[in-house]
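*Asks:* 3D, please:
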Amino acid sequence: MTTLAKPGTGRMPRQIPYIIANEGCERFSFYGMRNILTPFLITTLLMFLPEDMRTGEAKHVFHTFVIGVYFFPLLGGWLADRYFGKYNTVFWLSLVYCLGHACLAMFEDNVNGFYFGLFLIALGSGGIKPLVASFVGDQFDHTNKDKAKVVFDAFYWIINFGSFFASLLMPLLLRDYGPAWAFGVPGILMFIATMVFWSGKKKYVHVPPAPANPHSFMRVAKSALLARQPGQGRPGLNLALLGAAGALASLAMAAQWGFVIAACTALVLLMAFGGMGTSMQLDRARGLHPDDAVDGVRAVLRILIVFALVTPFWSLFDQKASTWIVQANTMTTQVNLLGWTFDVIPAQMQALNPLLVMLLIPINNIALFPLMRKMGVEPTPLRRMTAGIALSAAAWIVVGNLQVALDAGDAVSIAWQIAPYALLTLGEVLVSATGLEFAYSQAPASMKGVIMALWYLAVTVGNLWVLIVNASVKNESVIAYIEGSGVGVMAFQMYFFAAFALLSAAAFGWYATRYRMVDHYRTSVAG
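*Replies:* Numbers count the residues shown, from 1 in each chain. So this is what the prediction gives:
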């Protein structure tokens with residue numbers, strides 16, 4: 001006779017250190033190149049452009065790259081869930097990732113070659129992004145799921161450990177040894193990460209790809225949209241078709257908007273209107289599909305609302321590597337700390353983010369969250385994420401104030417950026433680290449890779465908002481309105497993004513009170 005093993009009786013999986021070490025090296029490689037990308041574009045690769053166009057083009061290239069990084073998780077999740085499994089997909093895409101780094105190092109003065117390298121990194125990094133985190137979750141079952149939160153926090157901590165040293169060292173390497181070394185060293189770290197991951201192959205729990213499922217998410221959604229009921233129309237289908245028409249109209253605007261904005265907007269319209277239409281008619285799929293499959297689709301649609309409300313946070317967070325660096329370039333960079341005077345390279349300010357993450361995660365778990373529980377307030381995942389979005393808005397109010405002072409001609413020390421970095425980082429810990437755990441725990445078993453990919457797709461949409469806002473300030477009527485506001489264009493955008501996040505936090509907090517948490521960890525049996 002077999003019985004379910006008791007929860008909390010399992011040990012910590014011994015294979016976890018291989019995945020954690022792999023993640024630390026991989027994140028060093030990614031943030032090493034990402035954090036020097038904007039200054040490299042402005043000062044080296046885009047020198048053929050007029051000076052007043054370089055900053056705008058660099059920001060456009062940076063956020064387009066980030067969009068790619070967080071779009072390709074859709075492909076990686078699909079390949080892993082349906083065909084190759086998580087391990088094989090991660091390993092082979094990691095080799096693509098290494099090749100991308102090699103292109104950056106070799107084509108430092110060749111725009112097409114360099115952009116091809118960025119594409120390969122976006123494909124490799126994005127493709128493995130949802131899988132490594134969910135692969136961590138696969139190593140746990142019902143008996144030791146209580147230890148998963150500790151590991152997810154450690155997972156996020158090691159990400160920031162690698163990011164911290166990359167943010168400190170790569171700007172120095174770029175300045176003193178040039179782009180070939182600055183982009184080559186991260187490539188070496190990525191190759192090491194791949195070999196570490198490969199060395200633990202025989203120790204991992206390998207969850208096989210899901211077989212073709214006649215009751216998959218897409219098939220249930222299709223049945224719901226197409227099903228007819230006597231005497232009733234199909235309003236959900238009409239809404240989905242309206243979204244499809246909007247997507248085609250968006251693609252038709254590619255010449256005016258640019259392909260990336262048009263394609264991403266089309267994807268958002270398809271998902272938003274298709275999801276709402278499916279929700280309206282979902283019960284029509286009952287009888288055609290089992291109730292648990294229909295209920296699973298409803299659960300995924302509810303999760304996607306959470307993900308959608310997080311997108312404004314990412315539009316703020318990712319600009320620390322573009323807009324905030326541009327601001328830092330106009331500040332005084334000599335800093336006096338405890339009697340030591342030194343110059344800070346603007347890109348090095350990003351090291352504050354991972355450093356603060358490594359401090360805040362243990363502080364939250366050891367002090368803040370226990371204190372909140374003693375006060376009768378449970379820091380649930382959705383409450384933490386609501387607070388995190390609001391804190392990101394506060395950070396952008398601060399940088400907006402700094403920008404107003406700079407626009408007035410005041411000399412502002414780069415040290416003043418510490419305050420917004422602290423606020424944004426606390427917001428990140430509450431949103432991003434929590435979101436990894438939330439996404440895995442809420443995903444049905446057959447959809448874990450894809451649902452994690454959709455969590456990362458929220459970052460793509462967040463960066464889409466940045467591209468749209470940056471494109472809009474080139475419009476003469478928008479510029480005239482901003483000039484009439486009494487603040488500069490950059491400061492106006494900063495306040496706009498702060499307001500955007502505050503509205504999102506309010507909507508997220510309202511929805512959080514109506515969301516019902518579920519538990520989709522694997523079960524384990526004891527015999």
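*Asks:* From here on, just use CA atoms for contacts and neighbour counts.
*Replies:* OK.
*Asks:* Okay, domains of the protein per the record?
*Replies:* 14-209+290-526, 216-221+236-289 (automatic domain parsing).
*Asks:* comparing those, which gets the lowest mean pLDDT score?
*Replies:* Sorting the domains of the chain by mean pLDDT places domain 14-209+290-526 lowest, at a mean of 87.
*Asks:* Three-state assignment for residue 335, please.
*Replies:* Secondary structure, DSSP: H, G, I helix; E, B strand; the rest coil: residue 335 is strand.
*Asks:* mind listing what it touches?
*Replies:* Residue 335 makes contact with 341-344, 413-415, according to Cα atoms under 8 Å, 6 or more residues apart in numbering.
*Asks:* how about the strands of this structure, start to end?
*Replies:* Ranges of strands in the chain, per DSSP state E, are 3-4, 334-337, 340-343, 525-526.
*Asks:* on that earlier part again, which of the contacts of residue 335 lies closest to residue 18?
*Replies:* For those, the residue nearest residue 18 by Cα to Cα is residue 344; the value is 34.6 Å.
*Asks:* what about the closest one, distance to residue 334?
*Replies:* 6 Å (Cα to Cα, to the nearest Å).
*Asks:* Need the buried ones from the contacts of residue 335 selected in ChimeraX.
*Replies:* To isolate the buried ones among the contacts of residue 335 in ChimeraX, judged by 16 or more other Cα atoms under 10 Å, type:
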select :344,414,415
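*Asks:* Now tabulate the contacts of residue 335 in CSV and tack on distance to residue 372.
*Replies:* Listed next are these as CSV, based on distance: Cα to Cα, whole Å:
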residue, distance to residue 372
341, 40
342, 40
343, 40
344, 37
413, 36
414, 34
415, 31
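*Asks:* center of the chain - which residue?
*Replies:* residue 459 (4.1 Å; Cα atoms, centre = their mean).
*Asks:* Distance to residue 228 added to the domains of the chain, as JSON lines?
*Replies:* Conversion of those to JSON lines gives the following (distance: least, Cα to Cα, whole Å):
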{"stretch": "domain 14-209+290-526", "distance to residue 228": "17"}
{"stretch": "domain 216-221+236-289", "distance to residue 228": "8"}
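*Asks:* So which of those domains is nearest residue 229?
*Replies:* domain 216-221+236-289 (7.8 Å).
*Asks:* now the end-to-end length of that closest one.
*Replies:* Domain 216-221+236-289 has its terminal residues 9 Å apart, counting by Cα to Cα.
*Asks:* State the distance from residue 42 to residue 108.
*Replies:* Distance of residue 42 to residue 108, given as Cα to Cα: 13 Å.
*Asks:* If you could redo that for residue 452, that was the one I meant.
*Replies:* 33 Å.
*Asks:* the more surrounded of the two?
*Replies:* Taking neighbours as other Cα atoms under 10 Å, residue 452 and residue 108 compare with residue 452 leading, 27 against 19.
*Asks:* Grab the nearest non-local neighbour of that one.
*Replies:* Excluding its sequence neighbours, the residue lying closest to residue 452 (Cα to Cα, 6 or more residues apart in numbering) is residue 130, at 5.1 Å.
*Asks:* Isn't that neighbour up against residue 439?
*Replies:* No. Applying Cα atoms under 8 Å as the test, residue 130 and residue 439 come out as separate, 10.1 Å apart.
*Asks:* With neighbour numbers in mind, choose between the two.
*Replies:* Under the criterion of other Cα under 10 Å, the comparison of residue 130 against residue 439 puts residue 130 first, with 32 against 24.
*Asks:* I'd like to know which elements the helix ranked longest in the chain is packed against.
*Replies:* Secondary structure of the chain per DSSP state H: the longest helix is helix 148-177. Helices and strands touching helix 148-177, as assessed by 3 or more Cα pairs under 8 Å, 6 or more residues apart in numbering; DSSP states H and E, comprise helix 16-34, helix 111-138, helix 179-199, helix 352-363, helix 434-442.
*Asks:* now do 7 Å
*Replies:* Counting contacts by 3 or more Cα pairs under 7 Å, 6 or more residues apart in numbering; DSSP states H and E, helix 148-177 packs against helix 16-34, helix 179-199, helix 352-363.
*Asks:* Identify the residues contacting the longest one?
*Replies:* In other words, helix 179-199. For helix 179-199, the surrounding residues in contact (Cα atoms under 7 Å, 6 or more residues apart in numbering) are 18-19, 22, 25-26, 28-30, 32-33, 91, 94, 98, 101-102, 104-106, 108, 170, 173-174.
*Asks:* Any idea how many residues pack against residue 271?
*Replies:* Counted with other Cα under 10 Å, residue 271 comes out at 17.
*Asks:* Would you check that the residue nearest to residue 452 makes contact with residue 72?
*Replies:* No. If you go by Cα atoms under 7 Å, residue 130 and residue 72 don't touch, sitting 9.5 Å apart.
*Asks:* mind listing the helices for the stretch 401-527 of the chain?
*Replies:* For the stretch 401-527 of the chain, the helices defined by DSSP state H, counting those that start in this stretch occupy 418-428, 434-442, 448-472, 476-485, 489-512.
*Asks:* buried ones in the longest one?
*Replies:* I take that to be helix 448-472. For helix 448-472, burial by neighbour count (16+ other Cα under 10 Å) applies to 448-467, 470.
*Asks:* Just the angle for it relative to helix 111-138, thanks.
*Replies:* Note on geometry: by axes from the mean of the first three to the mean of the last three Cα atoms, to 10 degrees, helix 448-472 and helix 111-138 are set 140 degrees apart in direction.
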